[in-house]
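*Asks:* this is a predicted model, with the sequence first.
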Amino acid sequence: MNDAGNDTTVETREFVTIMVGEQLCGIDVLKVHDVLGPQKIARVPLASSEVAGLLNLRGKIVTAIDLRRRLGVEDRPEGEDGMSVVVERRNELYSLAVDSVGEVLRLPADKFEPNPATLDSTWRQFSEGVYRLEEGVLVVIDDDSLLDYGGAPVAA
């Protein structure tokens, strides 16, 4: 006998957690292809300041985006290495340069909230919403809007 009325499973979402400045953020785990330590990045002349450059990932050229600059956070202090989270958008790989990468969090979908009115307008533009956690707020990054520069994906 199937007792579908007693289904106690809770719909959840999973996020790779990252730090950008002092802010905890999350990227949908299904969109993350790789997590990388410090990488050699080739600068691209005349590229937007948010484009950190290009890197070689197993023979593929990947555009690296500095999330601090994209989100309006001051640059990482000189000599501090960051990490990268590689995501795919429109069959192109992008490396999102972040300060650090943490654990994967599984959170109940019904606890997801819209962006608060007090969230900085730049952050609000690139955020799907937030989760309130015991240790603060997790801002869920909308990688589609983050990598959309006037309707076209960023290119170096």
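*Replies:* Nice, I can see it. Quick caveat, the model's predicted, so the values are computed rather than measured. Residues are numbered from 1 along each chain as shown.
*Asks:* point out where the protein drops to low pLDDT.
*Replies:* 1-8, 149-156 (pLDDT under 70).
*Asks:* spell out the residue ranges of the strands in it.
*Replies:* In the chain, the strands defined using DSSP state E lie at 12-20, 23-28, 32-36, 51-57, 60-66, 83-89, 92-98, 100-108, 127-133, 136-141, 148-149, 152-153.
*Asks:* can you spell out which helices and strands pack onto the fourth one?
*Replies:* If I follow you right, that is strand 51-57. The contact analysis (3 or more Cβ pairs under 8 Å, 6 or more residues apart in numbering; DSSP states H and E) places strand 51-57 against strand 60-66, strand 92-98. Glycine gets a C-beta too; all of them are placed from N, C-alpha and C.
*Asks:* want to throw those into TSV with distance to Gly37 and mean neighbour count?
*Replies:* Putting the helices and strands packed on strand 51-57 into TSV (distance: least, Cβ to Cβ, whole Å; neighbours: other Cβ atoms under 10 Å) gives the following:
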stretch	distance to Gly37	mean neighbour count
strand 60-66	13	20
strand 92-98	12	23
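*Asks:* got TSV for those strands, with distance to Phe112 too?
*Replies:* Compiled in TSV, the helices and strands packed on strand 51-57 are given as follows (distance: least, Cβ to Cβ, whole Å):
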stretch	distance to Phe112
strand 60-66	25
strand 92-98	21
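*Asks:* returning to what we had before: the strands of the chain: which one's closest to Asp75?
*Replies:* Checking those against Asp75 by Cβ to Cβ gives strand 60-66 as the closest, at 8.0 Å.
*Asks:* for the closest one, which strands pair with it and how are they oriented?
*Replies:* strand 51-57 (antiparallel), strand 92-98 (parallel) (DSSP bridges).
*Asks:* quick one on the thing from earlier: Pro116: which of the helices and strands packed on strand 51-57 is closest?
*Replies:* Using Cβ to Cβ, these put strand 92-98 closest to Pro116, at 22.0 Å.
*Asks:* relative to strand 136-141, how tilted is that closest one?
*Replies:* On the basis of axes from the mean of the first three to the mean of the last three Cα atoms, to 10 degrees, strand 92-98 is oriented at 160 degrees to strand 136-141.
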